[in-house]
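1. For reference, the sequence and a predicted model appear below.
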Amino acid sequence: MSNIQPLAQTFKVDIVGGCFLTSVDLFFSNKDSVIPIRVEVRNVIAGAPGQKVLPHSTKVLEPANINTDELNGSIPTMFKFDSPVYVQEGQEYA
């Protein structure tokens, strides 16, 4: 049995020529004491995450590196990509 519980947020790139993502800030109210958090940027098909993971967009942080704020989840955790991740103008990603 897998402990994977995926969650996705979609976004559309409206910057002319696209852009490069260097990091993403995520907010957590709690975390598992053992299971790490994995972030990926993926294509979107019909409003849902697709199978294509963008190059250099996978980042895993151990629980010790995840900030939490149980009251309102207002403390960010930065997931800094090892290399910039290119996203194309007019495309939707998750």
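-> Thanks, I have the structure now.

2. Backbone dihedrals for the residue nearest the centre of the chain, please?
-> Closest residue to the average C-alpha location of the chain: V39 at 4.1 Å, with C-alpha atoms, centre = their mean. When read as degrees, to the nearest 10, the backbone of V39 gives phi -120, psi 140.

3. secondary structure class for A64?
-> helix (DSSP: H, G, I helix; E, B strand; the rest coil).

4. can you map out the strands along the protein?
-> Taking DSSP state E as the test, the strands found in the chain are 11-12, 19-27, 37-39, 42-45, 48-53, 59-61, 76-87, 92-93.

5. Dump those strands to a markdown table, plus mean pLDDT and distance to E70.
-> Using the backbone N, CA and C atoms, a C-beta is placed for each residue, glycine as well. Putting the strands of the chain into a markdown table (pLDDT from 0 to 100; distance: least, C-beta to C-beta, whole Å) gives the following:
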| stretch | mean pLDDT | distance to E70 |
| --- | --- | --- |
| strand 11-12 | 96 | 27 |
| strand 19-27 | 97 | 12 |
| strand 37-39 | 95 | 16 |
| strand 42-45 | 95 | 29 |
| strand 48-53 | 93 | 28 |
| strand 59-61 | 98 | 18 |
| strand 76-87 | 98 | 14 |
| strand 92-93 | 97 | 30 |
